[in-house]
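J.: output the structure for:
(chains A and B)
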Number of protein chains: 2
Amino acid sequence: MMVQLAAGIDIGGTNIKFGLVDEDGKIHSKDSVPTADFPDPKDLVNTIAEKIGIFLKGKKEAVNSKLIGIGIGAPNSNYFKGTIEFAVNLKWKGVIPLAKYFHDKLNVPAFLTNDAKAAALGEMQFGGAKGMKDFISITLGTGLGSGIVANGKLIYGHDGFAGELGHTIIIQYGRQCSCGRKGCLEQYCSATGIVKTYFEILKSENPHALDALDTNQIDSKYIYEQALSGNEAAFYAFNYTGELLGYALANSVAYTSPQTIFLSGGLAQAGELIFNPTILSFEKNLLPVYKSKSKINILASSLKEDDAAILGAASLIWQQQ
Amino acid sequence: MMVQLAAGIDIGGTNIKFGLVDEDGKIHSKDSVPTADFPDPKDLVNTIAEKIGIFLKGKKEAVNSKLIGIGIGAPNSNYFKGTIEFAVNLKWKGVIPLAKYFHDKLNVPAFLTNDAKAAALGEMQFGGAKGMKDFISITLGTGLGSGIVANGKLIYGHDGFAGELGHTIIIQYGRQCSCGRKGCLEQYCSATGIVKTYFEILKSENPHALDALDTNQIDSKYIYEQALSGNEAAFYAFNYTGELLGYALANSVAYTSPQTIFLSGGLAQAGELIFNPTILSFEKNLLPVYKSKSKINILASSLKEDDAAILGAASLIWQQQ
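T.: Numbering: from 1, shown residues only, chains lettered A, B, ... in the order given. Next comes the predicted model:
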């Protein structure tokens, strides 16, 4: 029996995860290495290639496994060129032709895209978007990433940089964004955005509220736990975040009229705390024509959070089979 | 010599225009009838079919012409069903299966979409978007219509209603829109939107400024002429309209990363008066990543305003050849 496997590699600021994925989305092997161990990307390529080789060799007697390609999800990726370009969260400086490095090493097709687009591909290949031709996938992590699928294909756009919904301006003259502009969606609707909102709420109640707090220790998970334990400011931070997200998503429907919007990433793990206000605001702000037809659902990604990045990256290969 | 022709029909609130278009975008015959003359859509189908028949017959001795399909641009169109549904600006009530009527009568494929999507197809088939895979076409008429092309295909979306950029909310709690919500883009950036802006400017200068004016006589063309003759309020109305349009278009780039944005329709005919502030604001609000690569142009449609609707509708057929 011959098993075809695609490697899925997820390049994060802290860890690099990878796994071998079959066409049903089963992960046959997975591993993780600290990003900091690889100041030279070529060392990473050698290490991963070695690990893949060992795995495939180990399998040889039982099954005949074949590597058919390498899919990579990474920040600041240029899909068309297969490069990581000026990634501020990685130590690799300048333009890194990572897809070429893997291709040269392993002699199989290698593709690279950003993690949010990989998540959309994973959802379509293995998750809740199977068979859907029009949907949007939103990743609520440190920032807000997105992948838009229309006519059954992921939209890369003219230069590969489509799907930057995190950088649509949602509040004119709003919070300063790292992109240099003000009021971008990801400054509000992301794991870092909700922390800013929480701080603003605390300060509005008491100008010195932050003085007694170790603000570096407060992240979206802390606010989630506070909200669960009845803290009103934390609860309201989720409400405000959901209200803006629902409003933004209602606007996004007017672009591609998706069947479903999937939410994934850390903040989406807060469940009803984030989904309820998001859906409420979405329905309120949706253009009537989209309500009168079939309902547009906002759903949690059906991929396991831990595996989603590997499955998404591997989908870059499986989508093309 | 055999000439294949596609009929392009544009259903407007006042007139219905139609023509026979060859694959190079040459219009071989064109005509127009008043919309009010056809309270029954089947009468319209009979009339147009007859006129097409006469034209094709008249041509028979010289060239062998063949009708290959009927493309229709109309308000409130459902592309997937071929129907016009509850169009408020037409006398035809309820759901009209116009594509089926034409198909039954003429026995060729018949397709129907809204006028803004037809404009995008026309731009791709015969205009400035020839060969482009990713672009957006914006029609600045009574409302603001749009057609988005990604991966070389027009986006209809799950239910056929993609591309309603005119109903993205651009100013929260802004002007009341006919859709029931507030602050929609088309309340600002359209022929009717600029009139509202002009009135607001006049009133802000003098609360009784409108009392002496016959406000029903003031349309976007009047404001254009006023601006040309040095009227500051009119000039500022164009500036404000362009500023908001450029801001909205900068946001829209973050969705599909188009190569070019084309503007057409009445308001786009104002040339530099509308293009200059639009482009200025677009560049100011654009995410840096889109500036660092190739420039995204905002251009006037290259199709003649008079023929654009017929060419666009006929493109529904030519796109599928």
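J.: host element of the one residue in the stretch 51-200 of chain A that gets nearest to chain B?
T.: Proximity to chain B, evaluated over the stretch 51-200 of chain A using Cβ to the nearest Cβ, is greatest for A:Gly157 at 2.4 Å. The C-beta positions use only the backbone N, C-alpha and C, and glycine is treated the same way. Using DSSP states H and E, A:Gly157 is not contained in any helix or strand.
J.: these two touch, right, it and B:Thr260?
T.: No: A:Gly157 lies out of contact with B:Thr260 (Cβ atoms under 8 Å); the separation is 11.9 Å.
J.: who has more neighbours out of those two?
T.: A:Gly157 (24 against 18; other Cβ atoms under 10 Å in any protein chain shown).
J.: up against chain B, what does the stretch 51-200 of chain A have?
T.: Taking Cβ under 8 Å from any Cβ of the partner chain as the contact definition, the stretch 51-200 of chain A meets chain B at A:133-135, A:148, A:150-151, A:153, A:155-165, A:167-169, A:172, A:179-181.
J.: identify those among the residues you listed that sit within strands.
T.: Mapping those onto strands (DSSP state E) picks out A:Phe135, A:Ile148, A:Ala150, A:Lys153.
J.: are any of those buried, and which?
T.: Restricting these to buried positions leaves A:Phe135, A:Ile148, A:Ala150, with burial counted as 16 or more other Cβ atoms under 10 Å in any protein chain shown.
J.: which regions of the stretch 51-200 of chain A lie under the pLDDT threshold?
T.: A:59-63 (pLDDT under 70).
J.: about what we covered before: excluding its backbone neighbours, what's nearest the residue of the stretch 51-200 of chain A closest to chain B?
T.: Leaving aside its sequence neighbours, A:Gly157 sits nearest to B:Ser257 (Cβ to Cβ, 6 or more residues apart in numbering or on different chains; 2.4 Å).
J.: bridged to the closest residue to A:Asn297 other than its chain neighbours, which residues?
T.: Closest residue to A:Asn297 in three dimensions, ignoring its sequence neighbours and counting by Cβ to Cβ, 6+ apart: A:Thr260, at 4.7 Å. Assessed by DSSP bridges, A:Thr260 has beta-bridge partners A:Phe135, A:Asn297.
J.: my guess is A:Thr260 meets A:Gly131, correct?
T.: No: at 11.1 Å, A:Thr260 does not count as touching A:Gly131 under the criterion of Cβ under 8 Å.
J.: okay, and the residue nearest the centre of chain A sits in which element?
T.: Centroid-nearest residue in chain A, with Cα atoms, centre = their mean: A:Ala116, separated by 3.4 Å. Per DSSP H and E: A:Ala116 is located in helix A:115-126.
J.: of all the residues in that helix, which ones are buried?
T.: Buried positions in helix A:115-126, judged by neighbour count with 16+ other Cβ under 10 Å: A:Asp115, A:Ala116, A:Lys117, A:Ala118, A:Ala119, A:Ala120, A:Leu121, A:Gly122, A:Glu123, A:Met124, A:Gln125, A:Phe126.
J.: give me the distance between the nearest residue to the last one once chain neighbours are set aside and A:Gly8.
T.: To tie it back to what came earlier, the one meant is A:Phe126. Spatial nearest neighbour of A:Phe126, excluding adjacent residues (Cβ to Cβ, 6+ apart): A:Gly25 at 3.5 Å. Remark: distance between A:Gly25 and A:Gly8 (Cβ to Cβ, to the nearest Å) = 10 Å.
J.: quick one: the strands in chain A, in order.
T.: Using DSSP E, the strands of chain A run over A:2-11, A:15-21, A:27-34, A:64-73, A:77-78, A:83-85, A:95-96, A:110-113, A:135-140, A:144-150, A:153-154, A:260-264, A:297-300.
J.: nearest to B:Val289, out of these?
T.: With respect to B:Val289, and counting by Cβ to Cβ, the nearest of the strands of chain A is strand A:83-85 at 9.3 Å.
J.: other SSEs contacting that closest one?
T.: Strand A:83-85 makes packing contacts with strand A:77-78, strand A:95-96, helix A:98-106 when contacts are defined by 3 or more Cβ pairs under 8 Å, 6 or more residues apart in numbering or on different chains; DSSP states H and E.
J.: OK, contacts around the residue nearest to A:Gly157?
T.: By Cβ atoms under 8 Å, 6 or more residues apart in numbering or on different chains, the contact set of B:Ser257 is A:Ile155, A:Tyr156, A:Gly157, A:His158, A:Asp159, A:Gly160, A:Phe161, A:Ala162, A:Gly163, A:Glu164, B:Asp134, B:Tyr290.
J.: let's have the residues you listed in a markdown table, adding distance to A:Gly73.
T.: Converted to a markdown table, these look like this (distance: Cβ to Cβ, whole Å):
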| residue | distance to A:Gly73 |
| --- | --- |
| A:Ile155 | 17 |
| A:Tyr156 | 14 |
| A:Gly157 | 18 |
| A:His158 | 21 |
| A:Asp159 | 19 |
| A:Gly160 | 14 |
| A:Phe161 | 15 |
| A:Ala162 | 16 |
| A:Gly163 | 13 |
| A:Glu164 | 16 |
| B:Asp134 | 22 |
| B:Tyr290 | 21 |
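J.: how many neighbours does A:Phe275 have?
T.: A:Phe275: 20 surrounding residues under other Cβ under 10 Å.
J.: quick check: the nearest residue to it once chain neighbours are set aside vs chain B, distance?
T.: Spatial nearest neighbour of A:Phe275, excluding adjacent residues (Cβ to Cβ, 6+ apart): A:Ile298 at 6.8 Å. Relative to chain B, A:Ile298 is positioned 14 Å away (Cβ to the nearest Cβ, to the nearest Å).
J.: and A:Ile298, how many neighbours?
T.: Other residues near A:Ile298 number 18, with proximity taken as other Cβ under 10 Å.
J.: which ones are touching it?
T.: With the criterion set at Cβ under 8 Å, 6+ apart, A:Ile298 makes contact with A:Gly246, A:Leu249, A:Thr260, A:Ile261, A:Leu263, A:Phe275, A:Thr278, A:Ile279, A:Phe282.
J.: could you redo the last one with a cut-off of 7 Å?
T.: By Cβ atoms under 7 Å, 6 or more residues apart in numbering or on different chains, the contact set of A:Ile298 is A:Leu249, A:Ile261, A:Leu263, A:Phe275, A:Thr278, A:Ile279, A:Phe282.
J.: please indicate which of the residues of the stretch 51-200 of chain A next to chain B are buried?
T.: A:133-135, A:148, A:150-151, A:155-165, A:167-169, A:179, A:181.
J.: my guess is A:Ser65 contacts A:Ile54, does it?
T.: No: applying Cβ atoms under 7 Å as the test, A:Ser65 and A:Ile54 come out as separate, 11.9 Å apart.
J.: of those two, which one has the most company?
T.: A:Ser65 (21 against 11).
J.: A:Gly174: neighbour count?
T.: By other Cβ under 10 Å, 16 other residues sit near A:Gly174.
J.: so how far is A:Trp92 from the closest residue in space to it that isn't next to it in sequence?
T.: Spatially, and ignoring its direct neighbours in sequence, A:Gly174 is nearest to A:Gly183 (2.9 Å; Cβ to Cβ, 6+ apart). Going from A:Gly183 to A:Trp92 by Cβ to Cβ gives 31 Å.
J.: more neighbours: those two, which one.
T.: Using other Cβ under 10 Å as the criterion, A:Gly183 and A:Trp92 rank with A:Trp92 on top: 20 against 16.
J.: tell me which residues touch that one, please.
T.: Counting by Cβ under 7 Å, 6+ apart, A:Trp92 has contacts A:Pro41, A:Ile84.
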